[in-house]
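[1] Here is my input, please return the structure:
(one chain, ligands or ions: 1)
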Amino acid sequence: MKKTLSAGVIRTDLPMADGRTIRYYDTHNQERSAVDQRPREDQPSIGELRLDPLLNEWVAMAAHRQGRVFLPPKELCPLCPTHDQLMSEIPDSDYDVVIFDNRSPSLRPPIGEWEMSETFAPGNLNIESPIVPSAGKCEVVCYTSDHDKSFYELSDSQVRTVMEAWRDRTRELSQEKYIAHIFPFENRGEEVGVTLNHPHGQIYAYSFVPPRAEKMLAVADAHKKRTGRVLMDDIVAREIRDEVRIVARNSEWISYVPYASRYPFEIHIAPLRPVADLAELDDRAADAYPSIAKETFKRLDGVFGIKMAYIAAWHQAPVRVGRDSLRLHLQICSVRRQPGKLKYLAGSESAMGAFIMDMKPEQSAQQLREVSL
Ligand SMILES: [Zn+2]
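    The predicted model follows:
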């Protein structure tokens, strides 16, 4: 299957040996037909969702994930293109950007007709809730075929292709009845649990609204009821007014350290013309994303002159609720405080969810701005 997207990106879908799908996002009219030559392997069966009644929050049980590949050397990297010595996850010998179904997914598409369980209804708490299949989808997003590149070292057009792939996946996954929330993210660095060093991100599409999004929605709804305004719009307006926490800006995007950041280096990137999710971004905003994203990530690595470990998380409105209350933004959190020191989520943060910050957000914004590019 071939599909033409914005910015000259063409998507080609091909089946993988075990029935998964790989999607190539190309910009040079490449013909994709390489066949996955690996032996067939059985797909793990779907896991289960359990409701933690103490918090009324879902926990996905994914016991089959224990056997995953852990930090293989470059020559055995499953995200590099296939070469003489290794048949990787990508059957072709090169690629621009690819997204394929995760081999060890925590969430899987349900078999047969999907019905939203009654137990998913907010406030409908039953501690003897029946076992719920952990429905959803997990995909891997390879940003480049170059194993050693960082995100900000990619060309503008490469980042634009990644953005197009995110928009495309958000649009398509939103159509699935069993998907309630779509979360594209990147973990970078062994400090935050990365098991593969190749530059890549992931997409988790949940069959429920995850706890943090649910809480953000409740707060945003209350703000809207009280003021008639969208909370995130007020927050961005405040950051623009205060100015001191701004890290970078262009015609379509702003990047800032939030007023009450939880991590020594936490940065949010938000579109200046607000939208609910990546699918709603127009081409003008998508075209302006590479410059602000590359500058922001480059400043982050520049602070200590080392590769910063981070989690970059796209917050989007859920697929079917809160579309007018929540706004798209990227949250980048780095756990590094100083070159040799990490911030650990210890007692107060882990057990109580109460964060203690060792550094003022204004100070970290200044450090980020002072990095020479
Ligand atoms: Zn690689």
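
[2] For this protein, identify the residue most remote from the centre.
    Most distant residue from the mean C-alpha position of the chain: Glu128, 32.4 Å away (Cα atoms, centre = their mean).

[3] what helix or strand does that residue sit in?
    Following DSSP states H and E, there is no helix or strand that holds Glu128.

[4] Quick check: it vs Lys225, distance?
    Distance from Glu128 to Lys225, counting by Cβ to Cβ, to the nearest Å: 34 Å. The C-beta positions use only the backbone N, C-alpha and C, and glycine is treated the same way.

[5] Quick check: residues of the stretch 101-250 of the chain near the ion?
    Counting by Cβ under 5 Å from the ion, the residues of the stretch 101-250 of the chain close to the ion are His147, His198.

[6] what about the strands in the stretch 151-300 of the chain?
    Remark: strands assigned in the stretch 151-300 of the chain by DSSP state E, counting those that start in this stretch are 181-188, 200-206, 246-249, 253-256, 265-271.

[7] In TSV, list those along with mean pLDDT and mean neighbour count.
    Listed next are the strands of the stretch 151-300 of the chain as TSV, based on pLDDT from 0 to 100; neighbours: other Cβ atoms under 10 Å:
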stretch	mean pLDDT	mean neighbour count
strand 181-188	96	22
strand 200-206	97	21
strand 246-249	98	19
strand 253-256	98	24
strand 265-271	97	24
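
[8] Any chance of these in TSV with distance to Gln158 as columns?
    Shown next, in TSV, are the strands of the stretch 151-300 of the chain (distance: least, Cβ to Cβ, whole Å):
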stretch	distance to Gln158
strand 181-188	15
strand 200-206	13
strand 246-249	19
strand 253-256	18
strand 265-271	18
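
[9] Which among those is found nearest to Asn102?
    Nearest to Asn102, of all the strands of the stretch 151-300 of the chain, is strand 200-206, at 7.1 Å by Cβ to Cβ.

[10] can I get the CA coordinates of the closest one in PDB?
    The C-alpha coordinates for strand 200-206 follow below in PDB (Å, rounded to 0.1, in the frame of the first residue of the first chain):
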ATOM      1  CA  HIS A 200      14.200   6.100  17.900                       C
ATOM      2  CA  GLY A 201      11.000   6.800  19.700                       C
ATOM      3  CA  GLN A 202       7.800   4.900  20.400                       C
ATOM      4  CA  ILE A 203       4.100   5.300  20.200                       C
ATOM      5  CA  TYR A 204       1.800   3.900  22.800                       C
ATOM      6  CA  ALA A 205      -1.800   4.000  21.900                       C
ATOM      7  CA  TYR A 206      -3.900   3.100  25.000                       C
END
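
[11] Strand partners (parallel or antiparallel) of it?
    Next to strand 200-206 in the sheet, as set by DSSP bridges, lie strand 136-142 (antiparallel), strand 181-188 (antiparallel).

[12] chain center to it, what's the gap?
    In terms of Cα atoms, centre = their mean, to the nearest Å, the gap separating the centre of strand 200-206 from the centre of its chain is 5 Å.

[13] What separation do you get for Ala317 and the ion?
    Separation of Ala317 from the ion (Cβ to the ion, to the nearest Å): 33 Å.

[14] Just confirm that residue is within a strand.
    No. Ala317: not assigned to a strand; according to DSSP: H, G, I helix; E, B strand; the rest coil it is coil.

[15] Over to Asp36. Which of the three states is it?
    The three-state assignment at Asp36 reads coil, by three-state DSSP.

[16] what about the helices in the stretch 101-250 of the chain?
    For the stretch 101-250 of the chain, the helices defined by DSSP state H, counting those that start in this stretch cover 156-174, 211-227, 231-242.

[17] What sits closest to the residue of the stretch 151-300 of the chain found nearest the ion if chain neighbours are left out?
    With Cβ to the ion, the shortest gap between the stretch 151-300 of the chain and the ion falls at His198, namely 3.3 Å. Residue nearest to His198 in three dimensions, not counting chain neighbours: Leu79, with 3.8 Å by Cβ to Cβ, 6 or more residues apart in numbering.

[18] before we move on, what about Glu89?
    In space, and not counting its chain neighbours, Glu89 is closest to Pro78: 4.7 Å by Cβ to Cβ, 6+ apart.

[19] Test my guess that the one you found contacts His200.
    No. Using Cβ atoms under 8 Å, Pro78 makes no contact with His200, being 10.2 Å away.

[20] Quickly list what's touching both of these two.
    Counting by Cβ atoms under 8 Å, 6 or more residues apart in numbering, Pro78 and His200 have no contacts in common.

[21] residues in contact with the residue most central in space within the chain?
    Centroid-nearest residue in the chain: Phe185, 1.5 Å away (criterion: Cα atoms, centre = their mean). Applying Cβ under 8 Å, 6+ apart to Phe185 gives the contacts Gly201, Gln202, Ile203, Tyr204, Ile311, Ala312, Ala313, Trp314.

[22] switch to 7 Å and redo it
    Contact analysis of Phe185 by Cβ atoms under 7 Å, 6 or more residues apart in numbering lists Gly201, Gln202, Ile311, Ala312, Ala313, Trp314.

[23] Kindly provide the distance from it to Gln316.
    Applying Cβ to Cβ to Phe185 and Gln316 gives a distance of 11 Å.

[24] ok, Leu217 - how many residues close by?
    19 (other Cβ atoms under 10 Å).

[25] so what are the domain limits for this protein?
    As assigned by automatic domain parsing, the chain contains the domains 2-209, 213-370.

[26] so Val230 makes contact with Ser325?
    Yes. Val230 is in contact with Ser325 according to Cβ atoms under 7 Å; the separation is 6.4 Å.
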